[in-house]
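Sequence first, then the predicted structure:
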Amino acid sequence: KAAARETGATDLENKSLRVIADHIRASAFMIVDGIIPAPESHGYVLRRIIRRALRHGHKLGQTKPFFYKLVADLDLEMGEAYPELRNVKDRVASVLKAEEERFGETLENGMKILEAQLAKDAQKLDGATAFTLYDTYGFPLDLTADICRERGIKLDEEGFAAAMEQQKKTARAAGKFKMAAGVE
């Protein structure tokens, strides 16, 4: 109900509401345990959980920060059984809000680009586009894959991997050039 309130959703049976509810619990408990969103390890898992919830909020039409507001409702529902949450709920909300604000623009821009590309070809998303979304715009491949899967569109993962490998080769070559030139 709290997810519906914050996203403006009216159908309480909507799968996205369940995803958001599940993900606020997982995210909050991970933060309580000392994990923060980061580009690697457990922090990366947390970041992916948060971002998936945000995308489901976006699917419901919510483009403004909302996810962090659910911490208060989570505390009311589970604070008794999980007092560690009650003690740091403001910090948990703050961490979530910061991540949500950071990802909001990425999600908005990435969705526009992805929608435009899918309008051109509703059967397949080429790997080069998926890579550009990932590399240039910070739009995670797992979100691109989720969107494609939901719409029955094939994602060219081999093309994505090839573009990633090409970028690595280019970066290695540039690094070798700098070393040969004595540049740091």
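On my side now, so go ahead.

where does the protein dip in pLDDT?
174-184 (pLDDT under 70).

Spatially central, which residue of it would that be?
R51 (2.3 Å; Cα atoms, centre = their mean).

wait, doesn't it sit right on R102?
No - between R51 and R102 there is no contact under Cβ atoms under 8 Å: 9.8 Å. Any C-beta I mention is one placed from the backbone N, CA and C, and that applies to glycine too.

before we move on, back to that, next, the contact list for the residue nearest to the centre of the chain, please.
Counting by Cβ atoms under 8 Å, 6 or more residues apart in numbering, R51 touches 99, 103, 107, 140, 143.

And for the fourth one, the neighbour number?
P140 sits with 20 neighbouring residues when counted by other Cβ atoms under 10 Å.

same question, Y134
As a burial measure, Y134 scores 19 neighbours (other Cβ under 10 Å).

Same question for K97.
K97: 16 neighbours (other Cβ under 10 Å).

what do you get for I50?
Residues contacting I50 under the criterion other Cβ under 10 Å number 25.

Quick check: which element contains it?
helix 41-59 (DSSP states H and E).

Give me the nearest residue to T144, chain neighbours excluded.
Leaving out its chain neighbours, the residue that sits closest to T144 by Cβ to Cβ, 6 or more residues apart in numbering is A130, at 5.1 Å.

who's in contact with F160?
Counted by Cβ under 8 Å, 6+ apart, F160 has contacts 127-128, 130-131, 134, 141.

how about these, which pair is most distant?
Greatest spacing in the contacts of F160, by Cβ to Cβ: A128 and L141 (12.8 Å).

okay, these two: which has more neighbours?
L141 (18 against 15).

Which residue comes closest to the more buried one once chain neighbours are left out?
That would be Y134: by Cβ to Cβ, 6+ apart, it lies 5.3 Å from L141.

Checking Q166 next. Helix, strand or coil?
Put simply, Q166 is helix when judged by DSSP: H, G, I helix; E, B strand; the rest coil.

Tell me, how many residues neighbour it?
Number of residues near Q166 (other Cβ under 10 Å) recorded here: 12.

Could you measure from it over to D73?
Distance from Q166 to D73, counting by Cβ to Cβ, to the nearest Å: 46 Å.

can you give me the helices for the chain?
Secondary structure of the chain (DSSP state H): helices at 2-7, 15-32, 41-59, 70-78, 83-120, 127-137, 141-150, 157-181.
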